[in-house]
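Chemist: Sequence first, then the predicted structure, then my questions.
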Amino acid sequence: MWRNSLAGARDMYLINSKDNGRTFDKPTKLGKGTWPLDACPMDGGGLAADAEGHLATIWRRADELFRCTPGEREISLGRGMQGWAAAGARGIGLTWITGRPGAVMALLPETEEQIKLADRGSNPVLAGPIDGKGPIVAAWEERQGSAEQVRVAVITPGK
C-alpha cells in the first residue's frame, strides 16, 4: 500500500501478490473519493492481514480517516490521522488520533466498537503477534506536565 501521486491527487493504492512476491496483481485505488493535494501529507496509512488472508486498510484523505477492505467502499472513521492496523487472534484492530495531539482512538475487531484510549496523545502504533494467536497492543505518546510518556494498552486479548 502506498500514497500515489497521479494528476495532482494523493490517493492510496494497493497491490497484491498471491505467490510470495513472484508476481503481482494490477494496482488498485482504495476508496471512491480523491484527495487533490500538491504536497506530501506525511501520513501514509496502515495495512494488516489476518490468518485467513483478509486485508484491512486505514488511511487519511484531507482531515478524514477511512478504513477499507480492498474492493469495497471506504468507511469514514471521522476526523483523524496517523492510522495503524494490526491483526491478532480476534481479527484486525485499528488505531488513530483525532489531532496532533488528539484523542487516541481504536476500532475493536470483533465488535466494530470505537473506543477512546486517551484524551490527548500522539504517534499511535499497533502491534500484533506474528502467528496471529495473541493480543493486539496499542502504544502512543502522552504528555504529562512537562514529561513525555509512552502509554500501552491491550486492545484485544489473545485466544
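Modeler: Perfect, thanks for sending it.

Chemist: and Gly78, what are its bridge partners?
Modeler: Leu65 (DSSP bridges).

Chemist: what residues are up against it?
Modeler: Glu64, Leu65, Thr98 (CB atoms under 8 Å, 6 or more residues apart in numbering). Just so you know, the C-beta spots here come from the backbone N, C-alpha and C atoms, and that holds for glycine as well.

Chemist: tell me, how many neighbours does the first one end up with?
Modeler: If you count neighbours by other CB atoms under 10 Å, Glu64 ends up with 16.

Chemist: Likewise for the second one?
Modeler: A total of 26 residues lie near Leu65 under the criterion other CB under 10 Å.

Chemist: With Asp25 instead?
Modeler: 11.

Chemist: I figured it was touching Pro70, is that so?
Modeler: No. Applying CB atoms under 8 Å as the test, Asp25 and Pro70 come out as separate, 9.8 Å apart.

Chemist: list residues touching both of those two?
Modeler: With CB under 8 Å, 6+ apart as the test, Asp25 and Pro70 both reach Asn16.

Chemist: who's Glu142 bridged to?
Modeler: Under the criterion used (DSSP bridges), Glu142 bridges to Gln149.

Chemist: Number of residues surrounding Lys116?
Modeler: When counting by other CB under 10 Å, one arrives at 11 neighbours for Lys116.

Chemist: ok, what's across the strand from it?
Modeler: Met105.

Chemist: for the most centrally placed residue in the chain, what are its contacts?
Modeler: Residue closest to the mean C-alpha point of the chain, counted by CA atoms, centre = their mean, is Trp84 at 3.0 Å. For Trp84, the contacting residues are Gly46, Ile58, Leu94, Thr95, Trp96, Pro124, Val125, Leu126, by CB under 8 Å, 6+ apart.

Chemist: would JSON lines of the contacts of Gly78 with distance to Trp2 be doable?
Modeler: As requested, those are exported to JSON lines (distance: CB to CB, whole Å):
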{"residue": "Glu64", "distance to Trp2": "19"}
{"residue": "Leu65", "distance to Trp2": "17"}
{"residue": "Thr98", "distance to Trp2": "24"}
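
Chemist: Out of those residues, the closest to Gly21 would be?
Modeler: Among those, Leu65 lies closest to Gly21 (CB to CB), at 28.9 Å.

Chemist: how near is that closest one to Gly46?
Modeler: The span separating Leu65 from Gly46 equals 10 Å under the rule CB to CB, to the nearest Å.

Chemist: joint contacts of these two?
Modeler: Ile58, Trp59, Gly83.
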